[in-house]
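1. next comes the sequence, and after it the predicted model I'd like to discuss.
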Amino acid sequence: MKLIMKTILTGDKSVKNFCLAIIILLLSFVAIHPNAYAATPIRGLAGDLWADTIIGQPSFSEITPYDIVKDKLFLSNGLTVDRSVSPGRLYVYDSGNSRVLGLDLDTCYATSSGRCQPQIVIGQPSFNTSACNGDSGFQNYPLRASASAATLCSIPEETNSVGESGAGASLAVDSNGALYVPDYGNSRVL
């Protein structure tokens with residue numbers, strides 16, 4: 001922009017007119033399509049460039065091809081047992097859903113149905129979400145949603161298909177019961 005302004009002030013008349021035309025064109029586009037460059041999509045505006053309806057998923061931030069529920073895994077990779085409590089706590093890395101599920105083994109052993117339910121979810125706000133940092137639909141691509149202490153991201157944006165590159169990881173628990181989770185998509189360990 002500085003170069004354009006300098007050219008306008010010091011260049012010949014034809015270059016000045018060309019630069020002014022470019023600036024007017026850009027400002028006109030932004031005025032007509034203000035939502036095209038919004039950091040967060042504003043859906044439902046007349047003439048906007050964002051989809052208003054999604055079919056087959058709970059929200060725009062979800063891309064997993066399966067139902068996201070408490071007792072099903074998608075691309076599970078890695079597990080560990082926390083032996084700092086008795087009889088133990090099992091952690092399972094559910095990479096397709098960008099989460100870690102925790103199961104109290106004492107509760108599981110007491111279940112007569114044989115169907116054990118997790119009591120802990122790490123990396124997601126609930127058992128029914130699977131969004132990478134809250135945005136698995138990559139609505140702000142090429143910008144990634146910011147990571148936080150409460151999020152995981154095991155499906156990178158450049159993935160062509162959700163099923164092809166869920167990042168598996170080995171989990172670890174120390175003698176005090178602290179769980180260590182590799183967060184592939186955010187290049188960190190939680």
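-> Perfect, I can see it now.

2. every contact and neighbour count from this point should use C-alpha atoms.
-> Fine.

3. can you map out the strands along this protein?
-> Using DSSP state E, the strands assigned to the chain run over residues 76-82, 89-94, 99-104, 120-122, 172-173, 179-180, 182-183, 188-189.

4. redo those strands as CSV? Include mean pLDDT and distance to Ser113.
-> Listed next are these as CSV, based on pLDDT from 0 to 100; distance: least, Cα to Cα, whole Å:
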stretch, mean pLDDT, distance to Ser113
strand 76-82, 87, 22
strand 89-94, 91, 18
strand 99-104, 92, 15
strand 120-122, 93, 20
strand 172-173, 93, 29
strand 179-180, 94, 29
strand 182-183, 87, 33
strand 188-189, 90, 36
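
5. what's the closest of these to Ser130?
-> Among the strands of the chain, strand 99-104 comes nearest to Ser130, with 7.0 Å by Cα to Cα.

6. tilt between the closest one and strand 76-82?
-> Angle of strand 99-104 versus strand 76-82, following axes from the mean of the first three to the mean of the last three Cα atoms, to 10 degrees, is 40 degrees.

7. mind listing the strands strand 99-104 pairs with, and their directions?
-> strand 89-94 (antiparallel), strand 120-122 (antiparallel) (DSSP bridges).

8. now these in TSV, with mean neighbour count?
-> Below are the strands paired with strand 99-104 laid out as TSV (neighbours: other Cα atoms under 10 Å):
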stretch	mean neighbour count
strand 89-94	23
strand 120-122	18
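
9. redo those as a markdown table? Include distance to Ile24.
-> Shown next, in a markdown table, are the strands paired with strand 99-104 (distance: least, Cα to Cα, whole Å):
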| stretch | distance to Ile24 |
| --- | --- |
| strand 89-94 | 51 |
| strand 120-122 | 49 |
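
10. Leu103 is nearest to which of the ones you listed?
-> Closest among these, using Cα to Cα: strand 89-94, at 5.1 Å.

11. rewinding a little: distance to Ser14 for the strands of the chain - can I get that in a markdown table?
-> Putting those into a markdown table (distance: least, Cα to Cα, whole Å) gives the following:
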| stretch | distance to Ser14 |
| --- | --- |
| strand 76-82 | 63 |
| strand 89-94 | 61 |
| strand 99-104 | 59 |
| strand 120-122 | 61 |
| strand 172-173 | 67 |
| strand 179-180 | 63 |
| strand 182-183 | 55 |
| strand 188-189 | 53 |
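
12. so which of the ones you listed is nearest Lys13?
-> strand 188-189 (54.5 Å).

13. and that closest one, which strands flank it?
-> Partners of strand 188-189 in its sheet, by DSSP bridges: strand 182-183 (antiparallel).

14. in this protein, which spans are helices?
-> 2-10, 13-32, 105-110 (DSSP state H).

15. and these, which one averages the lowest pLDDT?
-> Note on those: lowest mean pLDDT is at helix 2-10, with a mean of 60.
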